[in-house]
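*Asks:* Fold the following.
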Amino acid sequence: MKEVEVKGFSDGKLELALAGEIDSGSADTFYALTMDAYKRTPGDIVFDCEHLDFIDSTTLGTFVKILKNVKTDGHGLRLKNLQPRIKKLFLICSLNAIMEIE
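*Replies:* Residues are numbered from 1 along each chain as shown. Below you'll find the predicted structure:
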């Protein structure tokens, strides 16, 4: 899946780059790849969304599912470089109250 790429791990943060479209057809793979990387190097997860073009409601739910898993270990989740229309989805759903959105 080219939509998720591990960029690296430093200072207790796992950075993943997201690209293209993540929707109901790819959300399970997105979750599995993210959690696999997290289990290998647990820490806060930072998603670089600069090249992410589209998400749907299933993907929003997947972000919440990932957050719940990392929070149980005392870690957090941050989204950066969101395109305005995607950021708006997170804000409309008030997800900025539970995860950091730049």
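
*Asks:* distance between stretch 29-43 and the chain's centre?
*Replies:* Distance of stretch 29-43 from the chain centroid (Cα atoms, centre = their mean, to the nearest Å) equals 10 Å.

*Asks:* Run through who's touching it.
*Replies:* 1, 3-4, 6, 9, 12-14, 16, 18, 22, 45, 59, 62, 65-66, 69-70, 73, 75 (Cβ atoms under 8 Å, 6 or more residues apart in numbering). The way it works is simple: take the backbone N, C-alpha and C, and place the C-beta from them, glycine included.

*Asks:* Correct me if wrong: residue 6 contacts residue 16.
*Replies:* Yes: at 5.8 Å, residue 6 and residue 16 qualify as touching, with contact defined as Cβ atoms under 8 Å.

*Asks:* related to what we said a few turns ago, pull out the buried members of the contacts of stretch 29-43.
*Replies:* Buried residues within those, defined by neighbour count using 16 or more other Cβ atoms under 10 Å: 3-4, 6, 14, 16, 18, 22, 45, 59, 62, 66, 69-70, 75.

*Asks:* correct me, but residue 62 touches residue 27?
*Replies:* Yes: under the criterion of Cβ under 8 Å, residue 62 is in contact with residue 27, at a separation of 4.6 Å.

*Asks:* Which strand runs longest in the chain?
*Replies:* Within the chain, and with DSSP state E defining each element, the longest strand by residue count is strand 44-55.

*Asks:* coming back round to it: just the buried ones among the contacts of stretch 29-43: which are in strands?
*Replies:* Short answer: the buried ones among the contacts of stretch 29-43 in strands (DSSP E) are 4, 6, 14, 16, 18, 22, 45.

*Asks:* For the fourth one, give its distance to residue 94.
*Replies:* It stands for residue 16. Using Cβ to Cβ, to the nearest Å, one gets 23 Å for the distance from residue 16 to residue 94.
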